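> requesting a structural model of the entry that follows:
(one chain, ligands or ions: 1)
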Amino acid sequence: MSFTLLFSYIAYIIIKIMYQKLPEEIHPLRHAQDGLKLVGKLHTHNMLRLGDALHNMKGATANIDMIFDVDKENLPYLQGKFISSLTFICERCMHVMSLTITAKCLLALIQNEYEIKSLSKQYEPWLIKINEPMQLDCLVEDELILALPLVPKHNFDCLSIDAWHSLAEETEIITNFTSPFAILSALKLKN
Ligand SMILES: [Zn+2]
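Numbers count the residues shown, from 1 in each chain. Predicted coordinates for the structure are as follows:
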């Protein structure tokens, strides 16, 4: 096999591993016992709760990188990283903008609430039912929602000089505006 052919073959295998077909359902406890890794791309068009916080969801995808495993104390966990480029309205200039959201999580898979108290600080609890599959997109959606900015805005001074001028004019108009209550009290004083 020539070097070029070998290189193409290795690249093909790497891409295949990186973008495996993701399952719709996951079985967290079983996956932790198996040490499963999931890497791939997920369409976000079904994530309606996430969509409520966005300008639109057109063509949005999330890159998924998940490792299910068991730690030294035999605690099953999920380490996940989800990256998605999402479209918002900037709350400062009201223009559409794109932000890359990165959500990272380290979840301890527990089956009873009393286990939460004994969890090491690095973990967030994930209460699951044994043998009950979970929807992969629900988990990814929850984690992306938790990572959304409270106030989406450009990371630079996006208001133009014109906008600042009109804002200043508006402030002036408001300052010069005499309230009807002030006129009333002036009239009262006269009487
Ligand atoms: Zn802006």
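> quick one, helices of the protein?
Using DSSP state H, the helices of the chain run over 3-18, 28-34, 48-51, 136-147, 161-176, 180-190.
> hey, least reliable of the ones you listed by pLDDT?
Among the helices of the chain, helix 180-190 carries the lowest mean pLDDT, at a mean of 47.
> dump the residue contacts of Ala103.
80-83, 143-144, 146-147 (Cβ atoms under 8 Å, 6 or more residues apart in numbering). Placement of C-beta: from N, CA and C, glycine included.
> format these as a markdown table; extra columns: distance to the ion.
As requested, the contacts of Ala103 are exported to a markdown table (distance: Cβ to the ion, whole Å):
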| residue | distance to the ion |
| --- | --- |
| Gly80 | 30 |
| Lys81 | 27 |
| Phe82 | 25 |
| Ile83 | 22 |
| Glu143 | 26 |
| Leu144 | 21 |
| Leu146 | 23 |
| Ala147 | 20 |
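> would CSV of those with neighbour count be doable?
Converted to CSV, the contacts of Ala103 look like this (neighbours: other Cβ atoms under 10 Å):
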residue, neighbour count
Gly80, 19
Lys81, 15
Phe82, 23
Ile83, 16
Glu143, 19
Leu144, 24
Leu146, 11
Ala147, 15
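> please name the nearest non-neighbouring residue to the one residue sitting closest to the centre of the chain.
Compute the mean C-alpha point of the chain, and by Cα atoms, centre = their mean the closest residue is Leu144, 2.2 Å away. Closest residue to Leu144 apart from its sequence neighbours, by Cβ to Cβ, 6 or more residues apart in numbering: Ala103 at 5.2 Å.
> that neighbour bridge partners, please.
For Ala103, the beta-bridge partners are Phe82 (DSSP bridges).
> show me what from the protein comes close to the ion.
Residues of the chain lying close to the ion (Cβ under 5 Å from the ion) are 90, 92-93, 154, 158.
> out of those, which one has the lowest pLDDT?
Note: of the residues of the chain next to the ion, the lowest pLDDT belongs to Cys158, at 89.
> how many neighbours does the residue lying closest to it once chain neighbours are set aside have?
Leaving aside its sequence neighbours, Cys158 sits nearest to Cys93 (Cβ to Cβ, 6+ apart; 4.2 Å). Residues near Cys93, counting by other Cβ atoms under 10 Å, number 15.
> same deal with Ile130?
Neighbours around Ile130, by other Cβ under 10 Å: 10.
> residue contacts, Thr44?
Counted by Cβ under 8 Å, 6+ apart, Thr44 has contacts 50-51, 57, 60-62, 84, 137, 140-141, 144.
> at 6 Å what do you get?
57, 60, 62 (Cβ atoms under 6 Å, 6 or more residues apart in numbering).
> so can I have TSV of those showing neighbour count and distance to Glu113?
TSV is the format used below for the contacts of Thr44 (neighbours: other Cβ atoms under 10 Å; distance: Cβ to Cβ, whole Å):
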residue	neighbour count	distance to Glu113
Met57	17	34
Ala60	20	34
Ala62	23	29
